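Visitor: I'd like to go over a predicted model; first the sequence, then the structure.
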Amino acid sequence: MSPFTEAAAEILARFEAGEDPASLSERLTDLRAAWKALPDDDRERARPIVSRLAARTRRPSGHGSRPDPRQTALQLESDEQVAARRALQGLADLAEPVHERFYEGPTDPDSLLAYFGHTSFRPGQREAVEAALSGRDTLLIMPTGGGKSLAYSIPGIATDRLTVVVSPLIALMSDQYRRLLEGGHPAVMLASGLAEDHNLGALRAIRDGRARIVFSSPERFASRSFVEALSSREIALFAVDEAHCVSDWGHDFRPDYLRLHGALEQLGNPPVMACTATATREVAAEIAQRLHLRDPLVIQGGFDRPNLSFDVLPFDGSGSVERKFATLATILRMEENRPAIVYAGTRKDVDAVSQRLRSLGLDAVGYHAGMAPDERASAQHRFLSDEGDVIVATNAFGMGIDKPNVRSVVHYATPPSIAAYYQEAGRAGRDGLPARAVLLAMRADLGRLIRFNQNRSTTVDSVAAFVQRLRRLSGGEPLTIDSPRDDGDRTALAVAERAGTVQLAPAGGARLAVTLTGELDRARAHQICQFAKDRGWEAYHAIERFVSNHEVCRRRQILDHFGDEAAGAATGRCCDVCDPVSWLPAIDPIKPAAGARKTRNAGQVAAADLSPEDNQLLEALKQWRKAAAGDKPAYVIAANSVLETIARVRPKTPDALHEVSGVGAVFMERHADAVLEVVGRAPESA
């Protein structure tokens, strides 16, 4: 047992013996520093005991109690992984403004718009700004890319009062925050990924009146110091971004959104602007009810994206899988369709499709939640910086990502709803130039969605069982729990909350304070379960009609789904129903491009044990990567799996290096000679 492992085991034993966590804080600090200094192979050997220790330090100090704030989780991430996580959250390059500008001019919409450097409002923006300036509640429904953030940012800088912006995604907040900083506007942001001194500085800026706009997640309202800082100011506007989260179920359920009306009461019920991109009439009504909006002005900015064309291409019968992939490859080989996002249904499909595309010579990267943080950050960086022009991803990619020049979004699998489809398709053409949304539809996808709906159906018995588990854990006292990770538990919690059986409140650290209020009303729970089930099947039937109806304009079907009665106004080609798919050439059987990289599963190669000589080469490659990255995170050069594959394969020629999964054209142009030199100097493996 190594000295590090012995130290970790000793601390774990003392925790489990009930020793006061405060007495171990210095030992934990020393252990964190030692962890960061460990070589990768020693860290892997120590990871099991360290994972147990980290889990123990996160555990509440007693049944039904909140976690002791002195119990700080052990930092398991390396500096590189921390940098990768910050990049995924959009926090990597945040900086303070060089000079803050405090607006002191007229507070009419046109003057404020000019101050932001714009000459005209998009549809719906002026009305939203006027409502906010007059103190009226607003429900703002605009498609992705419609300009919702400007609707609350413009009134946010108009006076010395405070505008609070609540968003579920750090990446989404950080992008909007960065834009305000670049303009010198007095905004602050609080997020768990930011340094503690940054968050403390943000609280000071709120209290002393310097901040006019503050960004936070809904979970932040569990912090007493945050709420107290907000309470010290007059709130001009409380903006709730992605407001449909108050209505979502299953994996989208964000319990803290349901408690925002309580935060509003604490802050004196300021004017509210609820913003969403994909709300049907029913969802809009639930948003208004859940946030207690008072006679809200409902603004629907128009769901049409005139510069997008929509195509649904069906694939059925013998050979349909290969014909679908051949069609995808043909689309992506057309330069006018890149950069492109390809949405696949599963992580397995992401890996398989991205590898096959690379074997055809396309610079394709994969992205899904099952990848290590540095792998995802590397893929995200390559795509956003135009080093890779195709990203194959699950729906984990996209929210908060601003890449305006995406020329096509291709759905390789049918999404679960029109709302999901349109939100993802809307990531194409955000620069206003022509772009395509293409859905490659197979009947097998519908079968997958049917099974998904059947498997996620929640019964009264499953809700009752979940509540009983909570009751056993609570011992009759208020209970603090982690937000459920399982979709079934999330939905059961949502049903129990809606049935009035539990009350939820944010408890800090993305945890929930749960109070059981009584026995489950089974009749009420049945009604709510049926509602959730019906909603899931309504979403399925809507997307099934969309992919199966080849007679009604695709644009018209989308607009009708969201209750937008305006006539579609395509600026170019409309859809496969209205216009022939003449842009797509004949589909030929797929053959790998001459000299193209062979399909290689980098993950499997990386997982294999490296020889001592290979490990020496891997360390040399990491040292080279660190020097090549300079002040930037190492993942911008190459992910760990790429270096591990190079260390094992030991390519001797540029062509052999280009065969490695994750090595693209830009990498070859910039780094091929240096990498081959490092490989050439390494001792041969035994």
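Guide: That came through fine.
Visitor: CA atoms for contacts and neighbours, from now on please.
Guide: Will do.
Visitor: what's the neighbour count on residue 175?
Guide: For residue 175, the count of nearby residues is 18 (other Cα atoms under 10 Å).
Visitor: buried residues in the helix or strand hosting it?
Guide: Using DSSP states H and E, residue 175 sits in helix 170-182. Residues 170-178, 180-181 are the ones in helix 170-182 that count as buried (16 or more other Cα atoms under 10 Å).
Visitor: how about the helices in the stretch 151-300 of the chain?
Guide: 170-182, 196-207, 224-231, 260-266, 281-290 (DSSP state H, counting those that start in this stretch).
Visitor: just the angle for the third one relative to helix 196-207, thanks.
Guide: For helix 224-231 and helix 196-207, the angle between their directions (axes from the mean of the first three to the mean of the last three Cα atoms, to 10 degrees) works out to 30 degrees.
Visitor: which helices and strands does helix 224-231 pack with?
Guide: For helix 224-231, the packing partners by 3 or more Cα pairs under 8 Å, 6 or more residues apart in numbering; DSSP states H and E come out as helix 196-207.
Visitor: centre of the chain to the helix it packs on, how far?
Guide: Relative to its parent chain, helix 196-207 has a centroid offset of 25 Å by Cα atoms, centre = their mean, to the nearest Å.
Visitor: and for stretch 523-531?
Guide: Put simply, stretch 523-531 sits 30 Å off its chain's centre (Cα atoms, centre = their mean).
Visitor: outside of it, which residues touch it?
Guide: Contact partners of stretch 523-531, identified using Cα atoms under 8 Å, 6 or more residues apart in numbering, comprise 457-460, 463, 495-496, 498-499.
Visitor: buried residues, that stretch. List them.
Guide: 524-526, 528-530.
Visitor: and of the residues you listed, the nearest to residue 366?
Guide: When those are ranked by distance to residue 366 (Cα to Cα), residue 529 comes first, at 36.2 Å.
Visitor: before we move on, the earlier item: inside helices: which ones of the buried residues of stretch 523-531?
Guide: Among the buried residues of stretch 523-531, the residues falling in helices (DSSP state H) are 524-526, 528-530.
Visitor: quick one: which of the residues you listed is nearest residue 202?
Guide: For these, the closest approach to residue 202 (Cα to Cα) belongs to residue 528, at 40.8 Å.
Visitor: let's see the pLDDT reported for that closest one.
Guide: Note on residue 528: pLDDT of 87.
Visitor: buried set for stretch 393-405?
Guide: Buried, per 16+ other Cα under 10 Å, within stretch 393-405: 393-395, 397-398, 400-401, 403-405.
Visitor: give me the next element, helix or strand, following the helix or strand of the chain with the lowest mean pLDDT.
Guide: When the helices and strands of the chain are scored by mean pLDDT, DSSP states H and E, helix 602-607 comes last with a mean of 39. Later in the chain than helix 602-607, the nearest helix or strand by DSSP H and E is helix 612-629.
Visitor: please compute how far that next one lies from its chain's middle.
Guide: That offset, for helix 612-629, works out to 31 Å (Cα atoms, centre = their mean).
Visitor: please name every helix or strand in contact with the helix or strand following that helix.
Guide: Next helix or strand after helix 612-629 toward the C-terminus (DSSP H and E): helix 640-649. Applying 3+ Cα pairs under 8 Å, 6+ apart, one finds that helix 640-649 contacts helix 373-384, helix 602-607, helix 612-629.
Visitor: for those, give me CSV that also has distance to residue 367.
Guide: Shown next, in CSV, are the helices and strands packed on helix 640-649 (distance: least, Cα to Cα, whole Å):
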stretch, distance to residue 367
helix 373-384, 6
helix 602-607, 13
helix 612-629, 22
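Visitor: what comes up buried for stretch 576-594?
Guide: Those would be 576-578, for stretch 576-594 by 16+ other Cα under 10 Å.
Visitor: one more: stretch 190-209?
Guide: Neighbour count says stretch 190-209 has 190-191, 199, 202-203, 205-207 buried, by 16+ other Cα under 10 Å.
Visitor: got the end-to-end distance for that stretch?
Guide: 16 Å (Cα to Cα, to the nearest Å).
Visitor: chain center to it: distance?
Guide: 23 Å.
Visitor: for the stretch 451-600 of the chain, which spans come out with low pLDDT?
Guide: Along the stretch 451-600 of the chain, segments meeting pLDDT under 70 span 508-510, 591-600.
Visitor: at 80 instead, please
Guide: Across the stretch 451-600 of the chain, the ranges flagged by pLDDT under 80 are 455-457, 475-476, 482-488, 505-512, 532, 589-600.
Visitor: spell out the residue ranges of the helices in it.
Guide: Counting by DSSP H, counting those that start in this stretch, the helices of the stretch 451-600 of the chain are 460-474, 487-498, 522-548, 554-561.
Visitor: adding distance to residue 670, write these out as TSV.
Guide: Compiled in TSV, those are given as follows (distance: least, Cα to Cα, whole Å):
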stretch	distance to residue 670
helix 460-474	55
helix 487-498	44
helix 522-548	44
helix 554-561	43
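Visitor: which one of these lies nearest to residue 614?
Guide: That would be helix 487-498 among these, by Cα to Cα, at 41.7 Å.
Visitor: list the buried residues for the closest one?
Guide: Buried-residue list, helix 487-498, by 16+ other Cα under 10 Å: 487-497.
Visitor: which of the helices and strands packed on helix 640-649 is buried the deepest?
Guide: Most buried of the helices and strands packed on helix 640-649, by mean neighbour count (mean count of other Cα atoms under 10 Å): helix 373-384, with a mean of 24.
Visitor: what angle do helix 640-649 and that helix make with each other?
Guide: On the basis of the same axes, to 10 degrees, helix 373-384 is oriented at 100 degrees to helix 640-649.
Visitor: which element follows helix 373-384 toward the C-terminus?
Guide: strand 390-393.
Visitor: need the residues that contact that next one.
Guide: 332, 338-344, 347, 350, 353-354, 362-368, 379, 383.
Visitor: before we move on, the earlier item: which one in the buried residues of stretch 190-209 is the model shakiest on?
Guide: For the buried residues of stretch 190-209, the weakest pLDDT value sits at residue 191, with 83.
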